[in-house]
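[1] this one's structure only:
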DNA sequence: ATTATTTAAGATTTTTTAATCTTAAATAGG
DNA sequence: CCTATTTAAGATTAAAAAATCTTAAATAAT
């Protein structure tokens, strides 16, 4: 559903949202805390920086931090940034042209779920994902 | 959501369901009709044969046919056969242990959709997918 | 029986995704 | 200014998924 790069960035963003917003944190530290591959994570986070979701600073005492309050960061913005917005477009059976006039047998139902999912991702913000329980679970296993 | 091998087998099964059930059809013919890679398709269809969803015959005038009426073949049986049954188990965020006592913020909603999807795949049978409209659309693009 | 045909099965190659490595650029602190 | 540190960026490698190739086994027709 979501690429592992995308899941990693969500984990990292959730982790960052539990820290004071003005604090820079080393990508290395995030990578270790969540057991995510450093260079792979760094690459995804760079994408978030370019999308103005994160702010980064190079050099000693550098790192990354959220560019805005966690309550202003939607899940869909992370997904769009890393995976692109083409995830909710495909037919559930992989059959082409399902969007057009004549749908496949599953189309109407899938369309309904797809819309609901998209709305959920749009509505859900980082601060809603974050709680003590989740924090014990966002590490990669 | 579904692997391309799985989508291919669904396409092929739908195509077969439009033919007389006792007719053998060459995998080559299916591959050409639906624009699916021959050897890749053949491999997936062999899986269906082993699961007794298809019957095959080697040699001249050989081919494959449905092992039972298309109204007795559920979508979930194809998916389980090709992709295995682990597709509906994962957390939507990729966070581990989401099944257990303490779920992630999206868990309850995702669980609901997942259950509904699974039920839809269980209920949907080949003959329901097949109609004139769909047949014009099941070719790979 | 022999031959052409076709599925079966495993090996190989290609493509995509994931992960790592290397070097450059920037920054803070001494 | 110099150095250690850290992100940035592109190259490389590894792993997984998709696709192809090759050979074997089975079958029908001649």
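    Arrived safely, thanks for sending. Here the structure is a predicted model, which means the values were calculated and not measured. Numbering: from 1, shown residues only, chains lettered A, B, ... in the order given.
[2] and residue A:52, what is it in contact with?
    For residue A:52, the contact set (C-beta atoms under 8 Å, 6 or more residues apart in numbering or on different chains) comprises residue A:67. The way it works is simple: take the backbone N, C-alpha and C, and place the C-beta from them, glycine included.
[3] Phi and psi next, for it.
    Per-residue torsions, residue A:52: phi 60, psi 30 (degrees, to the nearest 10).
[4] And for residue A:66?
    Note on residue A:66: backbone dihedrals following degrees, to the nearest 10 are phi -70, psi 140.
[5] Low-confidence stretches in chain A?
    Applying pLDDT under 70 to chain A picks out residues A:87-88, A:95-103, A:131-137.
[6] Okay, strands next: where are they in it?
    Using DSSP state E, the strands of chain A run over residues A:54-57, A:63-66.
[7] quick one: which of the ones you listed is nearest residue B:18?
    Nearest of those to residue B:18, taken as C-beta to C-beta: strand A:54-57 at 52.2 Å.
[8] buried residues in that closest one?
    For strand A:54-57, a neighbour-count test (16 or more other C-beta atoms under 10 Å in any protein chain shown) marks A:54-56 as buried.
[9] Dump the strands of chain A into a markdown table; add distance to DNA strand C as well.
    Formatted as a markdown table, the strands of chain A follow (distance: least, C-beta to the nearest atom of the strand, whole Å):
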| stretch | distance to DNA strand C |
| --- | --- |
| strand A:54-57 | 5 |
| strand A:63-66 | 10 |
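[10] who's in contact with the nearest residue to residue A:37 once chain neighbours are set aside?
    Excluding the flanking residues, the one nearest residue A:37 by C-beta to C-beta, 6 or more residues apart in numbering or on different chains is residue A:31, at 7.0 Å. Residues in contact with residue A:31 (C-beta under 8 Å, 6+ apart) are A:37-38, A:41-42.
[11] Considering those, which possesses the most neighbours?
    In terms of neighbour count, residue A:41 stands highest of the contacts of residue A:31 at 20 neighbours, by other C-beta atoms under 10 Å in any protein chain shown.
[12] Quick check, that residue in contact with residue A:27.
    Yes - Residue A:41 lies in contact with residue A:27 (C-beta atoms under 8 Å); the separation is 6.2 Å.
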